[in-house]
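[1] Coordinates for the following, if possible.
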Amino acid sequence: MLIRYHTGPDGKPVKKAVVYTRNEHGIQPRSVDQDAVRIVERLRQNGHDAYIVGGAVRDLLVGRVPKDYDIVTDAEPSRIKRLFYRSRIIGKRFRLVHVYVGQRIYEVSTFRSISNGTVGNTYGTIDEDARRRDFSMNALYFDPTEGIIVDYVNGLKDIKARRVMPVIPLASIFSEDPVRMIRAVKYACATGFSIPLLTRMAIRRNAAALASASVSRLGEEAIKILGSGHAGAIIDMLHAYKLLAYILPEVGTALADKGAEADKLREALRSLDDHVRSAGDKTLGTLLSFLVKLPVDKAAALPAPDVQTAARNAMDAARAFLSPLTLPRVELEAAVASVFVAPEFPARVRKARKRKRRKPGSRTDAQDAAAPDGEAAEAAESGTDGRATDQGGNGPDRQTGTSASARRRKRRRKAAAKRSDGAQDGSAPGQ
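    Numbers count the residues shown, from 1 in each chain. Predicted coordinates for the structure are as follows:
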C-alpha cells in the first residue's frame with residue numbers, strides 16, 4: 001500500500017490518498033473491458049491522467065461483471081473529442097463525451113470541482129472529484145495501465161466492511177440531491193451492503209424532499225431498478241423508507257394493502273427479477289409488463305361494451321398505476337398488449353333489412369329526374385316512368401330481343417332527332 005501526500009498549510013506533508021496495488025485490491029486484468037483500457041491508454045499517451053471510476057470499479061471489486069464503464073480524466077471535452085474520432089459531446093450544464101466502440105458507449109467526463117458545492121458543474125482536480133461523489137464505493141479510481149486503485153475516501157475499506165458510506169456530509173447530501181436516497185437503497189439491495197444508522201435516519205428525515213425531484217430523473221432511476229434483477233427488494237425497501245410514495249405512489253398503495261393485491265404484486269416482481277437474471281432481457285416494454293399486470297387484469301374485469309373499450313381501460317389503468325412517471329408510450333403499449341386478456345363478448349346479431357332490395361339495374365326516381373327531357377317525356381307518354389316493361393325490367397325484351405340499355409339509347413336518339421327537327425322548322429321563315 002502506498003500513500004499520496006500533499007503539503008498542508010503549515011508546510012507539513014498531509015495524507016491525501018491511499019494507493020492499492022493489484023495484489024492488494026485483487027482486480028485481474030482479464031476481467032477488465034479491453035476497450036475501456038484502450039481509451040485510458042490513449043488519454044495517458046497524450047499527456048492526461050485517466051481512470052476507470054464509479055460502478056465499474058465497485059462491481060469488479062465485489063466479483064460482478066460491470067454493465068458499463070465510466071472514465072474520468074483531466075482532459076476537457078473538446079480535447080477528448082479530438083482524440084477519439086467516433087465520439088460526440090453531450091450535455092448542457094456539464095459537458096461530457098460519449099466514445100463509441102462498436103455497439104458500446106463509454107462515457108468520458110472531466111474531473112469536477114467542489115468550489116460550487118457537490119452539484120456544481122465546473123472542472124476541477126481528481127481529489128475534488130472524489131469528494132463530490134455520493135458514496136465511497138463509487139469514489140475509487142482504477143488505473144488499468146499500472147494496475148492500481150487510488151482511494152481518497154476510504155472506499156475500499158467500506159466495500160470490504162460491506163457498508164454504503166456517504167462521502168458528502170449527511171447535513172447536505174440528500175438536501176442537495178434527493179435522488180441520492182434512491183441510489184443508497186438501490187446500492188444496498190444490489191450489493192447486500194448495509195446502510196449505517198445515521199444514514200438511515202437522514203433518509204427518513206429527508207424523504208419528503210424527493211417530491212421536488214424532476215420526473216425525468218425519477219423515471220431514469222425507476223427503469224434502472226426494474227432492470228437491476230433486485231427490483232422486489234429495492235421496491236420493498238423504498239416503501240419501508242417512505243420513498244416509494246414519491247416515485248410510484250400507486251405501487252406503494254398496493255403494497256400497503258397487505259392483502260391479495262400486495263401478494264400478487266410481489267409475486268410479479270419476483271418473476272421480473274427471475275426473468276432479468278435468467279434471460280438478461282432488459283427491454284423496457286418487457287420490464288413494465290410484469291409491473292402493470294395487476295392493474296391491467298383489474299381493468300379487463302370491469303364492464304365494457306366492447307373489446308376496444310376494455311383495451312382502452314387497461315391502458316388508462318396502467319398509465320395511472322405508473323403515475324407520475326412519464327414513460328415512452330410505445331413501450332407502455334407493448335407492455336399492456338402483452339398481458340391484456342380480452343374479455344368475451346356475445347356475438348353481435350345483424351338485424352334484418354326492413355326495406356326490400358332493389359333489383360340490379362332498376363331505375364330510381366333520382367335517375368329519372370336526372371334523365372334528358374326527351375327520355376323523360378317519352379317515358380311519361382309510355383306510362384312506364386322510364387322503367388323497362390319486360391318481365392325482369394333489365395333483361396332482353398322477349399319480343400324484340402333488346403336490352404333495357406339499348407332501348408334507353410334508342411329513346412335518346414329519337415329525342416335528339418325531334419329537337420333537331422324543331423330547330424329547323426323555327427328557322428325556315430327567315431331564310
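
[2] residues in contact with V330?
    Residues near V330 by C-beta atoms under 8 Å, 6 or more residues apart in numbering: G285. The C-beta positions use only the backbone N, C-alpha and C, and glycine is treated the same way.

[3] Give me the three-state assignment for it.
    For V330, the secondary-structure state derived from DSSP: H, G, I helix; E, B strand; the rest coil is helix.

[4] Next: R38.
    Secondary structure for R38, judged by three-state DSSP, is helix.

[5] got it, and R93?
    Recorded secondary structure, R93: coil (three-state DSSP).

[6] can you count the residues close to it?
    Residues near R93, counting by other C-beta atoms under 10 Å, number 7.

[7] Give me the phi and psi for it.
    Backbone torsions of R93, given as degrees, to the nearest 10, read phi -70, psi -50.

[8] ok, now which ones touch it?
    R93 makes contact with N121, according to C-beta under 8 Å, 6+ apart.

[9] That one and T122: what is the separation?
    To T122, R93 is 11 Å away according to C-beta to C-beta, to the nearest Å.

[10] Could you list the paired strands of the helix or strand that contains V150 along with their orientation?
    Taking DSSP states H and E as the criterion, V150 maps to strand 148-151. Strand 148-151 pairs in its sheet with strand 13-20 (antiparallel), strand 140-143 (antiparallel), by DSSP bridges.

[11] Can you list the buried residues in the last one?
    If I follow you right, that is strand 140-143. L140, Y141, F142, D143 (16 or more other C-beta atoms under 10 Å).

[12] Name the residues that touch that strand?
    Contacts for strand 140-143 (C-beta under 8 Å, 6+ apart): 27, 40, 50-53, 56-58, 60-61, 72, 126, 130, 148-152, 155-156.

[13] For the longest helix seen in the chain, what does the pLDDT average out to?
    Ranked by residue count under DSSP state H, the longest helix found in the chain is helix 404-427. Per-region confidence: helix 404-427 scores 75 on mean pLDDT.

[14] before we move on, what about stretch 141-151?
    Mean predicted confidence for stretch 141-151 is 95.

[15] how long is it end to end?
    Start and end residues of stretch 141-151 are separated by 7 Å (C-alpha to C-alpha, to the nearest Å).

[16] now it: how far from the chain's centre is it?
    Computed by C-alpha atoms, centre = their mean, to the nearest Å, the separation of stretch 141-151 from the middle of its chain amounts to 36 Å.

[17] Buried residues of it, list them for me.
    Y141, F142, D143, P144, G147, I148, I149, V150, D151.

[18] ok, now stretch 123-135?
    Neighbour counts over stretch 123-135 (16+ other C-beta under 10 Å) mark Y123, G124, I126, D127, E128, D129, A130, R131, R132, R133, D134, F135 as buried.

[19] Let me see the contact set for the residue lying closest to the third one once chain neighbours are set aside.
    Translated: I126. Among residues not flanking I126 along the chain, F111 sits closest, at 5.4 Å (C-beta to C-beta, 6 or more residues apart in numbering). By C-beta under 8 Å, 6+ apart, the residues touching F111 are V72, T73, D74, Y123, G124, T125, I126, E128, D129.
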